[in-house]
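Enquirer: sequence and predicted structure below; questions after.
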Amino acid sequence: MSAGAFDWRRTPGLGSLTGATLMFLYAPLLILVVYAFNANRLVSVWSGFSLDWFVVVANNADIRAAAFNSLVIAVVAAVVSTAIATAGAIGLARGRIGVAGSLAGAFIVLPLIVPEIVVAITTLIFFSAIGMKSGLINLIIAHTVFCIPFALIPIRARLSELGRSYEEAGRDLYASEFALFRRILLPLLLPAIASGLILSFVVSLDDFIISMMVSSAGSTTLPVYVYGMMRLGVTPEVNAISTILLAVSVAFVAVALLVGRRLQRTDFSQQE
């Protein structure tokens, strides 16, 4: 660094401000997790460590059914949305799309900009207009559409980083378009595809607004069920369910980071 250059990391008070911000963001989560292991029925009064509330949650048939619905919806929506996002990202990045393609790309990421309540209401109106009342199918379709931009962004960013040199080299060797995709693009895109898949899964699993608007009897998801429990007040069961959801989300994010780093190292070693 040249003499006299500004180093923002040495800004006075930056460390304290960062610590206070992190505390503000994560202290409520820490408190929730701690009181999920509280033996007392009163969530604000600590009386000892216990796993009883996790046992109660595991033995509740309604909670298990809601968790199963959430898991099925999240898995299907993540797989389908990532497949669509991969095809869309390749088309937008490699196709001759012009102005119409740019508008299509803008519409694809529109759910990230529009408030989720608007997306939920319009989705509900659409299903009502066509008379579609299929429960889980409605939720899977709604979650898939909502998750596509979350999967598209990392894949499209990866394509921008790669450029076209690998594909041009493959074409010079008379590779077909399918061979280019299978042997060149797909292996190079795997870190981004894995990130998009896991991000879509977590977004779908934790979604509340769209699920609440679109779900019907028999297709209640876990976040919607937790909301129904919260209307009677915060209970230890709510803390236990929230802790489980938090643990699952953190675990999947950690897996995404590990898979991405491992695949990137493999990619670099192949380039060398």
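Expert: Good, I have the coordinates. Numbering: from 1, shown residues only.

Enquirer: assumed Gly131 was part of a strand.
Expert: No. Using DSSP: H, G, I helix; E, B strand; the rest coil, the secondary structure at Gly131 is coil, not a strand.

Enquirer: next one: phi and psi at it?
Expert: phi 70, psi 30 (degrees, to the nearest 10).

Enquirer: pLDDT score assigned to it?
Expert: Model confidence at Gly131, expressed as pLDDT, equals 82.

Enquirer: do you know how far Thr220 is from Leu188?
Expert: Distance, Thr220 to Leu188, by C-beta to C-beta, to the nearest Å: 41 Å. C-beta coordinates here come from the backbone N, C-alpha and C atoms, glycine included.

Enquirer: same thing with Ile63?
Expert: 42 Å.

Enquirer: and if you look at Gly131?
Expert: Distance from Gly131 to Leu188, by C-beta to C-beta: 44 Å.

Enquirer: settle it for me: which of the two has more neighbours?
Expert: Using other C-beta atoms under 10 Å as the criterion, Gly131 and Leu188 rank with Leu188 on top: 20 against 6.

Enquirer: pretty sure the more buried one sits against Ile155.
Expert: No. The pair Leu188 / Ile155 is not scored as a contact, 10.8 Å apart, by C-beta atoms under 8 Å.

Enquirer: who touches the helix or strand hosting Leu25?
Expert: In the assignment (DSSP states H and E), Leu25 maps to helix 14-36. For helix 14-36, the surrounding residues in contact (C-beta atoms under 8 Å, 6 or more residues apart in numbering) are Trp8, Val43, Ser44, Trp46, Trp53, Phe54, Pro236, Asn239, Ala240, Ser242, Thr243, Leu246.

Enquirer: let's go with 6 Å and repeat that
Expert: If you take C-beta atoms under 6 Å, 6 or more residues apart in numbering as the criterion, helix 14-36 is touched by Val43, Asn239, Ala240, Ser242, Thr243.

Enquirer: tell me where the stretch 101-250 of the chain has helices.
Expert: With DSSP state H, counting those that start in this stretch as the criterion, the stretch 101-250 of the chain has helices at 110-113, 116-129, 136-162, 165-172, 177-180, 186-206, 209-214, 222-230, 236-271.

Enquirer: ok, which of those helices comes nearest Ala93?
Expert: Comparing those against Ala93 with C-beta to C-beta, the closest turns out to be helix 136-162 (4.1 Å).

Enquirer: now do the closest one: which elements does it pack against?
Expert: Applying 3 or more C-beta pairs under 6 Å, 6 or more residues apart in numbering; DSSP states H and E, one finds that helix 136-162 makes contact with helix 61-94, helix 110-113, helix 186-206, helix 209-214.

Enquirer: quick one: distance of the third one to the chain centre.
Expert: Shown here is helix 186-206, whose average C-alpha point lies 8 Å from the average C-alpha point of the whole chain (C-alpha atoms, centre = their mean, to the nearest Å).

Enquirer: coming back round to it: top of the contacts of helix 14-36 by neighbour count?
Expert: Ala240 (25 neighbours).

Enquirer: who touches that one in this structure?
Expert: Contacts of Ala240 (C-beta under 6 Å, 6+ apart): Ala36, Trp53, Phe54, Val57.

Enquirer: buried subset of the residues you listed, written for PyMOL?
Expert: Here is the PyMOL command that selects the buried residues among those (16 or more other C-beta atoms under 10 Å):
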select buried, resi 36+53+54+57
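
Enquirer: need the contacts of Ala240 in a markdown table with pLDDT and distance to Ser200, can you?
Expert: Shown next, in a markdown table, are those (pLDDT from 0 to 100; distance: C-beta to C-beta, whole Å):
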| residue | pLDDT | distance to Ser200 |
| --- | --- | --- |
| Ala36 | 87 | 27 |
| Trp53 | 88 | 30 |
| Phe54 | 91 | 27 |
| Val57 | 89 | 26 |
